[in-house]
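Trainee: predicted model and sequence below, questions to follow.
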Amino acid sequence: GAGVSQTPSNKVTEKGKYVELRCDPISGHTALYWYRQSLGQGPEFLIYFQGTGAADDSGLPNDRFFAVRPEGSVSTLKIQRTERGDSAVYLCASSKRGAGSGELFFGEGSRLTVL
Amino acid sequence: AQTVTQSQPEMSVQEAETVTLSCTYDTSENNYYLFWYKQPPSRQMILVIRQEAYKQQNATENRFSVNFQKAAKSFSLKISDSQLGDTAMYFCAFMLKQGGSEKLVFGKGMKLTVNP
């Protein structure tokens, strides 16, 4: 597609459940980022992929969070045993080579609500 | 640690007027990039303007310009001839390069309302 696509747009789940959030970046963009935005805050970095590999996963808050990008295109953010504190908007962004060399293109995010 | 501070949580301006959004940052690096992003209610972050730290000339994009003061670590955004469509959250961001990683560090944001 023309832009970064994220699904689902909204997800409501119960505490303890497993969720997957999907990001489809702009075609040809090798860099992909996941950010988490809590209410009233700026986006916080979670993980950065360059191609298929995670070049930096230092922002993942704990081992319940995991992300993959097996073919260097679509990425999935996986959250196990969800907690109420995981409620946030999860933003995905892609770039041709990385933030410093060009613009990051963001999707509209997936709003996760954990009841 | 790299930090970005936006001290004004909210501002309002009349249509056609000029408004300035402030941002300060902290870094020990010499070469870096600074950005202003806009986030309307659709949640999609949209790049407004970018500044490369090694360039002394302030960046300009149509009605948007920055005042980049490297020594003071200040990076303010000026919006001229404000339009109703400028109403949004605005985030200042710093691009951090460490090893093989590149990532944006964002401020907490500022809500701008343009009134008719």
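Mentor: Happy to help now that I have it. Numbers count the residues shown, from 1 in each chain, chains lettered A, B, ... in the order given.

Trainee: secondary structure class for the nearest residue in space to residue B:21 that is not next to it in sequence?
Mentor: Of all residues not flanking residue B:21 in the chain, residue B:77 sits nearest, at 4.5 Å (Cβ to Cβ, 6 or more residues apart in numbering or on different chains). (Glycine included, C-beta is placed from N, CA and C.) Each residue gets one of three states, and residue B:77 gets strand by DSSP: H, G, I helix; E, B strand; the rest coil.

Trainee: so residue B:77 makes contact with residue B:68?
Mentor: No: if you go by Cβ atoms under 8 Å, residue B:77 and residue B:68 don't touch, sitting 10.2 Å apart.

Trainee: quick one: low-confidence residue ranges for chain B.
Mentor: Filtered on pLDDT under 70, chain B yields no residues whatsoever.

Trainee: oh, I was asking about chain A
Mentor: Scanning chain A for pLDDT under 70 picks out the ranges A:1, A:98-102.

Trainee: distance of the residue nearest the centre of it relative to residue A:57?
Mentor: Nearest residue to the geometric centre of chain A (Cα atoms, centre = their mean): residue A:34, 3.2 Å. To residue A:57, residue A:34 is 9 Å away according to Cβ to Cβ, to the nearest Å.

Trainee: circling back: more neighbours, residue B:77 and residue B:68?
Mentor: residue B:77 (25 against 19; other Cβ atoms under 10 Å in any protein chain shown).
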